[in-house]
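*Asks:* With the sequence up front, the predicted model follows.
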Amino acid sequence: MNLLKKVWAFFLRPKYQTYTYPRTLQRRVFLNLLGWNIAIAIGVGFIIEIIREALGVDVGTHGMERLFGHYHPLVILAMAAVLAPVLEESLFRGPLILFKKSTYFASALYTSIFLFGLIHLFNFEGYQNALWFAPLLFLPQLITGIFLSYIRVRMGLGHAMLFHALFNLILLGPFVLVALLNPSAN
């Protein structure tokens, strides 16, 4: 729980401060943050889905469903666990280094988190039909953006890419496995 408080404190008062962890502590912090991020994202996602169902909000098909209809599951896994983390971390968190000593670091950080969340709104083909619900749709990605930003600043861009890759792999992996074991379902 103390680690979550540190992430939250970083989010509330962002400061570009890299930590030099002993290797075993760094691994433990990294994996704990990954576990917390996955648990929170799944929990928030379930709550949002319950609210969406209760309100009858139609946001259309999720982009992942469309991908599974057009690409081999291993291609999807490669895009989600390799390509997306490298591109998205380079785009959204890479430039934070430019604001390392700037008074605008907090603004740059908040902007990168928001844009990271916002870009994931386009995963929902019918989000335009319920724009009022849109902030909830990309809330899990905003939360993940906070975790990724913390990892990026404290441990470096490479660690943020790895964190992102593992996050996507863990969440998408079971779906890929099911698709591989049941190719007729695609």
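*Replies:* Right, received. Where do you want to start?

*Asks:* List the buried residues for the longest helix seen in the chain?
*Replies:* When the chain is parsed with DSSP state H, its longest helix is helix 23-55. By neighbour count on 16 or more other C-beta atoms under 10 Å, the buried set for helix 23-55 is 29-30, 33-34, 36-38, 40-41, 44-45, 48, 52. Backbone N, C-alpha and C define where each C-beta goes, glycine included.

*Asks:* looking at the chain, which helix or strand is least sure?
*Replies:* Among the helices and strands of the chain, helix 63-70 carries the lowest confidence by mean pLDDT, DSSP states H and E, at a mean of 87.

*Asks:* Which parts of that one count as buried, going by neighbours?
*Replies:* Of all the residues in helix 63-70, those buried under the rule 16+ other C-beta under 10 Å are 67-68.

*Asks:* could you dump the buried residues of helix 23-55 to TSV with pLDDT and distance to residue 75?
*Replies:* Formatted as TSV, the buried residues of helix 23-55 follow (pLDDT from 0 to 100; distance: C-beta to C-beta, whole Å):
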residue	pLDDT	distance to residue 75
29	96	33
30	97	27
33	98	29
34	98	24
36	98	30
37	98	25
38	98	23
40	97	29
41	96	24
44	97	28
45	95	24
48	96	28
52	94	29
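
*Asks:* With only the CA atoms kept, save the least confident helix or strand of the chain in CSV.
*Replies:* Coordinates of each C-alpha in helix 63-70 appear next as CSV, following Å, rounded to 0.1, in the frame of the first residue of the first chain:
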residue,chain,number,x,y,z
GLY,A,63,-11.1,-2.6,-31.4
MET,A,64,-9.6,-5.9,-30.1
GLU,A,65,-12.7,-7.8,-31.3
ARG,A,66,-12.2,-6.4,-34.8
LEU,A,67,-8.5,-7.2,-34.8
PHE,A,68,-9.2,-10.8,-33.8
GLY,A,69,-11.5,-11.0,-36.9
HIS,A,70,-8.7,-9.9,-39.3
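
*Asks:* Please report how far residue 113 lies from residue 65.
*Replies:* Separation of residue 113 from residue 65 (C-beta to C-beta, to the nearest Å) stands at 26 Å.

*Asks:* What is the burial count for residue 144?
*Replies:* Here the count is done by other C-beta atoms under 10 Å, and residue 144 has 25 residues near it.
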